[in-house]
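Participant: Turn this into a model:
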Amino acid sequence: MKSQFIVSTLAAAIALSLSAGAIAKDVTEKEQAFEQITVIGSQAAINDIPGSATFISDEELQKFEYTDISRVLSSVPGVYVQEEDGYGLRPNIGMRGTGTGRNDKISVMEDGVLAAPAPYSAPSAYYFPTMGRMQSVEVLKGAASVKYGPRTTGGVLNLVSRSLPTEGSTGLVNAELGTDGFYKGHAYFGKEKNNAAALIEVFSYGADGFKELPVGSDNTGFEKNDVLLKFGYKFGENDAHNLEMKIKYSDEQSDETYMGLTEADYQASPNRRYAASQKDQMNTQHNAYQLNYAYRFGAGYEFLATAYLNDFHRNWYKASKVSESYLAQYSEFEAAPTAEGIEGIGVKANNRDYQAKGIQTELHIPAGDHYITVGLRHHQDEMDRFQWEDKYTLNQDLSMTLTSAGAPGSNSNRFDSAEATTLFIQDEWTIDALVINAGLRYEDITITREEWSKSDPKRENGLTKNISNDTQILVPSLGATYTVSDSLTLLAGIQQGYAPASPGNADQEEEESLNIEFGGRYNVAGFDGEIIAFFSDYSNMHGNCTASIGCSDENIGDQYNYGEVEVSGFEFSAGRIFETDSATFPVRLTYTYTDSQFKNDFASDIWGQVNKGDAMPYVPENQLALSFGAALSSFVFDTQVRYVSDAHADLSADGLNAIDSRVVWDLAAKYLIDDNQKVYLTVDNLFDNTYIANRANGGIQPGKPRTIQMGYSYAF
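Facilitator: Now for the predicted structure:
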């Protein structure tokens, strides 16, 4: 960064340091454990947060043995999930009306580090950490989330990997089989001795898929593997120094497509796929490295530092057009109409390489009634887009023959990169029962796009485009909690929402909004929960262009200015555990109401003509989740029912309310053999409800039908 302000700030801040990962202030507890980077830390820590917060523990995650983050988050108030493949491989998550496309409006992290392959230069990139190996999930919205960035309107989703053991050995072996060839194998082993600890974890799962092709292997499923290694060492007086190294590898092969169904074909048989999608396949590989250091000194001082490097490669080989007219021409299930077949079917290699790296530090300073946090992050990321398109003939027997192979780089030959320096300071001021949190985030961001001719794959003849967008932004936040009694805590917050502009459009503006929330947390008559109202006023909302929402190949990666948007609503949750002498019965209800309105007219390449007063597509007005269970000696039962009201798919006349409301039930039952062993049965979509998951890809994608899984787990 060239800014003189940042140069001087960096020089002054190196001695202080800082970061993007929050650590709880309970020093005694921290000294007993190896470093674990969280944004909340535990259920008990939520009361101190001036905003909406949800902590999903390992115990909660084990209830349904979910491997799909979409199902995990479906009961979190203020969170919207648009399904796509049915297994959660590429989830679309939004918060408080931000939109759901590719998680590009929220900050997704793993262990306090931004998880997107290129969170600044390509926020919509298709990677998501393996949900099944996570130990806990944290969701933070409101003023407290401004610290993490770079997108500060919706909130933060932090996935916490398995922690190192603090004493002796720990381990697990878990095996599962299910419908449509589903399988899961999960194992880990960790050991601590003489202030050193190590952990290895392996997670592998896959399925044949629930969709049917009319030709070929009829495999529309996936295989995904994930390996995690951790090493930790504590040293110094009272174990004041703590080092942890994390190494992760994952790969995926999924026979997945964007090609949905026409309305008539969906009504006839919702789980079919067209023959022209038989070559579609995603291949990915992800490598991650993270080094954490913590030093605790004096009376509650903490210095934290994290260095990270993420490398991600993907090539999604898939039918390159998914428009309604394309489906009408190529939607074959039985035989091509002529002996010559259908020529000219394009299958594009969406080949891309990503890298993200950086260092983030944090200093915690206790100062009487004040607890000050100062943080610094320097981050770089890039996307190398090098694509081509092959042409096929769909034969009369529905096989496909390659007729011409595209040259690598002949479809897209582009390099996007970003460099960002972030400075953050927060003061938590305690005045008896009142706690005030004031924060200020400064970012200096440069995002660059370099492009070569499609006929110049070796990039020898010079750039055809070289543009950049340089931004400096101050993002303030103010939040407060007031403890009325042991039963009631009030909270309120105000923050500026912000997202950087991409360089693809010379007229592109930053996304900015004003966000307000207020409400309270309660614990009355055994019921605990929260009620929070929220309001977001966008002066300019971004639309990020991806293939998943129907953008043309030439515009993918660009942004659009959608102008003024208002989003308001409230979140409610309530839970209680009822107990008898022989059983316990946990019950929890969550509900989200959302009203979203565009405040101006404009023409959208994605949603059609937008008129003032239109609601945002894929933002349902009502969401409700009810979970209840029973623990009876060695038998444990849990069920969850989710209701989502209808929503727009686009804003054309026939797109209104094109995503119907739905009710989906999930069920889990366990038998505890002893303290270490259990067998379990889970059923997703118990009543086999057929519903439209999305229409964003030019056709209808169905939700996953009823699936049944059985498993065995041994833990020690």
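Participant: Are we agreed that residue 165 is in a helix?
Facilitator: No: under DSSP: H, G, I helix; E, B strand; the rest coil, residue 165 sits outside any helix and is assigned coil.
Participant: right, and it touches residue 191 too?
Facilitator: Yes: using C-beta atoms under 8 Å as the test, residue 165 is close enough to residue 191 to be in contact (6.3 Å). For every residue, glycine as well, the C-beta is placed using N, CA and C.
Participant: which of the two has more neighbours?
Facilitator: residue 165 (21 against 16; other C-beta atoms under 10 Å).
Participant: Assign a three-state SS to residue 180, would you?
Facilitator: Taking three-state DSSP, the label given to residue 180 is helix.
Participant: Low-confidence stretches in this protein?
Facilitator: 1-36, 321-332, 504-507, 543-560, 605-607, 651-657, 697-698 (pLDDT under 70).
Participant: if you set the cut-off to 80 instead, what comes out?
Facilitator: Flagging of the chain using pLDDT under 80 yields the residue ranges 1-37, 99-101, 125, 216-218, 320-339, 501-509, 542-562, 603-609, 649-657, 696-698.
Participant: what ranges do the helices span in it?
Facilitator: Taking DSSP state H, the helices of the chain run over residues 4-13, 27-30, 58-64, 69-73, 263-268, 324-330.
Participant: Quick one: residues contacting residue 125.
Facilitator: 102, 116, 117, 118, 312, 314, 352, 354, 383 (C-beta atoms under 8 Å, 6 or more residues apart in numbering).
Participant: excluding its backbone neighbours, what's nearest the first one?
Facilitator: With C-beta to C-beta, 6 or more residues apart in numbering as the measure, residue 124 is the residue that lies nearest to residue 102, at 3.8 Å, once sequence neighbours are left out.
Participant: do the last one as well
Facilitator: Taking C-beta to C-beta, 6+ apart, and ignoring the residues beside it in sequence, residue 383 has residue 122 as its nearest neighbour in space, at 4.2 Å.
Participant: Same check on the third one?
Facilitator: Take residue 117 and drop its neighbours on the chain: the residue closest to it by C-beta to C-beta, 6+ apart is residue 354, 3.4 Å away.
Participant: Repeat that for residue 80.
Facilitator: Closest to residue 80 by C-beta to C-beta, 6+ apart is residue 94, at 4.6 Å.
Participant: With residue 221 instead?
Facilitator: Nearest one to residue 221, counting by C-beta to C-beta, 6+ apart, is residue 209 at 3.4 Å.
Participant: So the one you found sits against residue 182, correct?
Facilitator: No: at 9.4 Å, residue 209 does not count as touching residue 182 under the criterion of C-beta under 8 Å.
Participant: These two: which has the busier surroundings?
Facilitator: residue 209 (24 against 21).
Participant: Tell me who's in contact with the more buried one.
Facilitator: 180, 181, 219, 220, 221, 222, 255.
Participant: Please, where are all the strands along the stretch 501-650 of the chain?
Facilitator: 511-524, 527-540, 542-544, 559-561, 565-579, 583-598, 602-604, 608-610, 622-632, 635-644 (DSSP state E, counting those that start in this stretch).
Participant: And the stretch 251-400 of the chain, by the same measure?
Facilitator: For the stretch 251-400 of the chain, the strands defined by DSSP E, counting those that start in this stretch occupy 281-297, 301-319, 342-367, 370-394, 400-404.
Participant: Tell me how far residue 518 lies from residue 644.
Facilitator: For residue 518, the distance to residue 644 equals 26 Å [C-beta to C-beta, to the nearest Å].
Participant: more neighbours, these two?
Facilitator: residue 644 (22 against 17).
Participant: so the more buried one makes contact with residue 692?
Facilitator: No: if you go by C-beta under 8 Å, residue 644 and residue 692 don't touch, sitting 11.2 Å apart.
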